[in-house]
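> Pasting a predicted model and its sequence here:
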Amino acid sequence: MIFLHENGKCQSVINYHNSNATLSISSKMEIFEDKTANYSVNEIINNPKFKFNKTTQDIPSYSFTKSSIWCRFKLKNTTDEDCFLEISPPILNEVILYQVFSNRIDSIVEGSFYVNSKNKAFKSNNYTFRLDPAADYYLLKVKSKTRLFIKAQLGSFKSIFFKTKKTDTIQGIYAGLVVMIFIYNLFLFFTSRENVYLFYLLHLINSGLFFLYVSGFGIEFLWSGLPEINSYFITVMALGFILSLLFVSNFLNTRKNLPIVHKLILLIMLALILISAVDILISSYLAGKLLNYVGFAAMLLIVVSAIKLVKIGFKPAYTFLYAWLLYLIGIAVQTMQSLNFIPTNELTSNTIQIGSAFEIILLSLAVGNKINFYKEKKLLAISGEKELLKQKESLKSNQKYELEKRFQEQTELVYSKNRELKKQNKEIESIHEQISDQNKKILEYNALLEAKNRIITKQNEDLNLHKENLEQIIDERTHELKEATLKAEKADQLKTAFLKDFSHEIRTPMNAISGFSSLLMDIDPEDKLYDYYAEIITNHTDNLLDLIDNIVDLSRIQTNSLQLKKVKFDPLRMFSLMHEKLSLKLKNEKKSFINLRLILPDNKDIKLNVDYNRFSKIIYQMVDNSIKYTDAGYIEFGFKQIKNSKDIEVFVVDTGVGIKKEKLEFVFDSFRKIEDEANKLYSGMGLGLSLVKGLVGLMGGEVVIETVSSDDADAKQTGTTIRVLIPDAIL
């Protein structure tokens with residue numbers, strides 16, 4: 001087969017005539033970029049559309065690219081020694097040399113340098129190939145998942161050997177510097193136990209990993225059997241940079257000194273982790289570009305943070321700033337070189353390593369300066385503390401008598417307030433006892449009212465007498481509690497407010513009962529108004545009984561004396577009856593324009609086993625609370641079964657005024673209402689949600705409130721959603 005197509009004629013002829021020196025041919029080769037990375041060597045040689053051109057760069061650089069780069073040159077060796085081709089950097093993932101003859105192509109997939117010359121052999125950490133002088137010309141295929149630039153040199157065994165030895169010596173000095181500083185700071189950490197040394201060691205680990213990759217020593221000595229590790233260069237660099245950021249955060253104490261910078265550092269760490277994931281799972285080319293930008297931004301953030309701390313007098317930041325400036329210059333130069341903003345040459349290709357050498361030396365000094373700085377501050381603090389102790393002792397001796405006198409006065413004042421509080425507590429207990437007695441009497445009155453005409457006269461007399469006594473007692477106690485609340489704390493104020501609301505709430509039905517009872521005495525029993533007035537008396541009596549029953553239940557809940565009685569019942573029927581009752585309440589309160597919706601589960605055979613009365617009271621109080629604070633829109637209530645459990649969730653959703661955020665935490669407090677005290681728009685005593693909370697707690701459940709009020713900036717629709725979770729409720 002004939003391989004030399006017209007396109008395959010190499011125009012670039014390189015003369016090698018000095019075997020004592022190496023010859024850089026990076027700028028002398030012809031270059032073709034295969035952007036598809038799919039063409040074979042035969043297609044490259046025989047297809048005339050592939051045009052090789054002279055490079056304009058000293059060192060051809062393609063930043064992060066998916067392309068395969070083909071280099072072509074012809075060699076004229078005028079020396080008597082074999083000629084070798086050395087390709088660097090070692091982080092290139094794929095380097096193949098094709099030697100093109102007139103009738104064949106020889107390929108060397110991976111160059112090695114186990115060459116015998118006078119019984120001496122060495123191994124280069126770069127890709128090295130022995131060139132066959134009989135070849136017509138040579139093709140070099142280069143591909144990399146990391147930054148791709150091609151440094152190509154020709155030389156004899158001896159010249160490359162001495163160049164490699166010189167380079168290894170320089171790299172060895174840098175490696176020795178890193179190891180020496182690492183051992184020194186490790187010793188300081190074990191002797192001083194200062195955390196800053198430990199974090200500096202993490203930074204040195206990052207510098208060491210970077211050195212092992214870019215120098216080729218890693219694949220030469222550590223992972224020579226696993227060359228694919230070089231494919232994860234971006235991942236290792238990204239995760240290694242996190243170690244350096246941990247050192248920066250610890251050294252500058254950004255959590256305390258620069259909180260915003262601390263958050264930005266955490267954000268950059270997250271970005272570096274994502275870059276590692278992009279490198280492993282998506283594209284190393286994209287990850288490489290992202291690492292350049294994120295790394296450069298992180299370096300700028302570090303320098304700006306150090307400058308800010310220098311301005312506020314943090315002395316260790318001076319040396320720290322100089323160190324990172326040198327490193328930043330190296331990164332900036334190599335970043336611009338990797339992005340093809342500046343030419344690629346020996347200096348720009350190694351600026352990070354040069355800057356890193358100065359940086360780790362200066363940072364080692366900065367760590368020591370920081371320790372000394374804090375020691376000095378600690379000595380000053382100890383001295384200042386001693387002076388303060390002296391002043392304190394002097395102050396104690398001068399003011400001892402006055403402090404003892406004030407202490408005695410405060411003690412007497414505390415005793416006096418305790419006595420007053422005990423007195424107030426006794427009065428409140430007495431009121432509770434009286435309320436309990438009144439409850440019993442009202443129950444008796446309810447039984448008498450059911451008899452209607454037979455005992456209406458006697459009921460009227462008893463209720464009038466009871467009303468007068470109860471109003472007199474409540475007025476007297478309310479007046480006493482008003483005076484007591486001027487000296488009591490907030491809890492006592494709430495209880496006083498309760499008595500005021502209780503007086504109002506109980507007076508309304510009592511006045512109705514008294515007034516309409518008087519009217520019954522003057523009306524003929526056969527008159528239609530007689531039954532109407534009797535129904536009003538009955539309704540107000542029921543309301544009064546519900547009010548007192550709620551107070552008694554709340555009192556029993558607080559004293560842990562309320563016992564639940566579980567019964568089996570149909571919740572669908574109970575909710576339907578509740579819907580009828582609440583719809584009638586809306587009509588009576590002239591709120592029939594509010595849409596009251598009942599939402600029930602599809603399962604019609606569901607049965608509950610809970611305390612029927614207490615469960616219905618929970619639902620009634622929740623919906624009643626929504627009715628009270630809803631002026632327009634709708635109210636939805638109902639229940640649903642929690643999936644794969646015997647738990648149920650009772651919910652009430654309204655479009656009312658909502659609850660302000662600052663008052664949400666008080667919504668379950670007893671005797672407390674959420675509206676402003678200066679503008680009481682809504683009736684009630686503030687017992688509803690407190691009673692719901694207590695009853696649900698006895699059932700082992702929980703109450704959750706979600707609310708949007710007009711104070712919320714993004715509120716489109718005000719309203720409140722109350723959800724009650726009751727466990728093991730389904731039979």
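Thanks, I have it. Residues are numbered from 1 along each chain as shown.
> Using the record's assignment, carve the chain into domains.
Here the domain parsing of the chain from automatic domain parsing is 6-162, 165-380, 415-558, 566-726.
> what's the closest of the ones you listed to residue 405?
Residue 405 lies closest, by C-beta to C-beta, to one member of these: domain 415-558, at 16.1 Å. The C-beta positions use only the backbone N, C-alpha and C, and glycine is treated the same way.
> Let me have the domains of the chain in CSV, extended by mean pLDDT.
Shown next, in CSV, are those (pLDDT from 0 to 100):
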stretch, mean pLDDT
domain 6-162, 79
domain 165-380, 73
domain 415-558, 75
domain 566-726, 85
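> could those domains go into CSV alongside mean neighbour count and distance to residue 407?
As requested, these are exported to CSV (neighbours: other C-beta atoms under 10 Å; distance: least, C-beta to C-beta, whole Å):
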stretch, mean neighbour count, distance to residue 407
domain 6-162, 17, 75
domain 165-380, 18, 35
domain 415-558, 15, 13
domain 566-726, 16, 35
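> Residue 408: which of the ones you listed is closest?
domain 415-558 (10.8 Å).
> Pull up the distance across the closest one, start to finish.
27 Å (C-alpha to C-alpha, to the nearest Å).
> for the protein, longest strand please?
If you go by DSSP state E, the chain has its longest strand at strand 68-77.
> and after it, which helix or strand comes next?
Using DSSP states H and E, the helix or strand that follows strand 68-77 in sequence is strand 84-88.
> Now do that next one: which elements does it pack against?
strand 127-130, strand 137-143, strand 151-155, helix 157-192 (3 or more C-beta pairs under 8 Å, 6 or more residues apart in numbering; DSSP states H and E).
> ok, back up a step: export the longest strand of the chain as CSV, just CAs?
Extracted C-alpha coordinates of strand 68-77, given in CSV (Å, rounded to 0.1, in the frame of the first residue of the first chain):
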residue,chain,number,x,y,z
SER,A,68,-6.9,15.7,18.6
ILE,A,69,-3.8,17.7,17.6
TRP,A,70,-1.7,16.2,14.8
CYS,A,71,1.9,17.4,14.5
ARG,A,72,4.0,16.7,11.4
PHE,A,73,7.7,17.1,10.7
LYS,A,74,10.6,15.6,8.7
LEU,A,75,14.0,15.0,10.4
LYS,A,76,17.5,15.4,8.9
ASN,A,77,20.0,14.0,11.4
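> so it versus strand 151-155, what angle?
20 degrees (axes from the mean of the first three to the mean of the last three C-alpha atoms, to 10 degrees).
> TSV for the helices and strands packed on strand 84-88, including distance to residue 60?
TSV is the format used below for these (distance: least, C-beta to C-beta, whole Å):
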stretch	distance to residue 60
strand 127-130	15
strand 137-143	9
strand 151-155	9
helix 157-192	20
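> Go through these and name the closest to residue 74.
Among the helices and strands packed on strand 84-88, the nearest to residue 74 by C-beta to C-beta is strand 137-143 (4.1 Å).
> want to throw the domains of the chain into TSV with distance to residue 402?
Formatted as TSV, the domains of the chain follow (distance: least, C-beta to C-beta, whole Å):
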stretch	distance to residue 402
domain 6-162	76
domain 165-380	33
domain 415-558	21
domain 566-726	41
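> Nearest to residue 390, out of the ones you listed?
domain 165-380 (15.9 Å).
> quick one, phi psi at the residue lying closest to residue 710 once chain neighbours are set aside?
Once flanking residues are discounted, residue 710 sits nearest to residue 718: 5.7 Å by C-beta to C-beta, 6 or more residues apart in numbering. Phi and psi for residue 718, reported as degrees, to the nearest 10, are phi -80, psi 160.
> Confirm for me that residue 718 is in contact with residue 658.
Yes - between residue 718 and residue 658 there is a contact under C-beta atoms under 8 Å: 4.2 Å.
> any common contacting residues for these two?
Residues touching both residue 718 and residue 658 (C-beta atoms under 8 Å, 6 or more residues apart in numbering): 708-710.
> Give me the subset of those residues lying in strands.
Using DSSP E, the subset of the shared contacts of residue 718 and residue 658 located in strands is residue 708.
> Any chance of CSV for the shared contacts of residue 718 and residue 658, columns distance to residue 297?
What follows is those, written out as CSV (distance: C-beta to C-beta, whole Å):
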residue, distance to residue 297
708, 39
709, 42
710, 43
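> Give the single residue among the shared contacts of residue 718 and residue 658 positioned nearest to residue 272.
Closest approach between those and residue 272, by C-beta to C-beta: residue 708, at 39.5 Å.
> any idea how far residue 694 lies from residue 650?
15 Å (C-beta to C-beta, to the nearest Å).
> give the contact list for the nearest residue to residue 284 once chain neighbours are set aside.
The shortest distance from residue 284 to any non-neighbouring residue, by C-beta to C-beta, 6+ apart, is to residue 145 (3.9 Å). Counting by C-beta under 8 Å, 6+ apart, residue 145 makes contact with 93, 231, 233-234, 284-285, 288.
> before we move on, what about residue 36?
residue 67.
> what do you get for the one 5 residues further on?
Residue 41 makes contact with 98, 105, 107, 139, 141, according to C-beta under 8 Å, 6+ apart.
> Dump the residues you listed to a markdown table, plus distance to residue 28.
Shown next, in a markdown table, are the contacts of residue 41 (distance: C-beta to C-beta, whole Å):
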| residue | distance to residue 28 |
| --- | --- |
| 98 | 18 |
| 105 | 22 |
| 107 | 22 |
| 139 | 15 |
| 141 | 18 |
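> Can you pull the phi and psi angles for the spatially closest residue to residue 727 that is not a sequence neighbour?
Once flanking residues are discounted, residue 727 sits nearest to residue 647: 4.8 Å by C-beta to C-beta, 6+ apart. Dihedral pair for residue 647: phi -80, psi 150, per degrees, to the nearest 10.
> is it true that residue 647 touches residue 723?
No - using C-beta under 8 Å, residue 647 is not in contact with residue 723; the gap is 11.8 Å.
> what about residue 106, which helix or strand?
Here residue 106, judged by DSSP H and E, is contained in strand 105-108.
> ok, that strand: who's next to it in the sheet?
Sheet pairing of strand 105-108 (DSSP bridges) gives strand 94-100 (antiparallel).
> and the angle from the partner strand to strand 137-143?
Angle of strand 94-100 versus strand 137-143, following the same axes, to 10 degrees, is 160 degrees.
> And strand 94-100, how far out from the chain middle?
How far strand 94-100 lies from its chain's middle: 51 Å, per C-alpha atoms, centre = their mean, to the nearest Å.
> Report back the residue of the protein that's furthest from centre.
Here the chain reaches farthest from its C-alpha mean at residue 524, the gap being 75.4 Å by C-alpha atoms, centre = their mean.
> and the closest residue to that residue other than its chain neighbours, what is it in contact with?
Closest residue to residue 524 apart from its sequence neighbours, by C-beta to C-beta, 6+ apart: residue 530 at 6.8 Å. Contacts for residue 530 were tallied using C-beta under 8 Å, 6+ apart; they are 520, 523-524.
> Give the phi and psi angles for residue 594, as a check.
Torsion angles, degrees, to the nearest 10, at residue 594: phi -80, psi 130.
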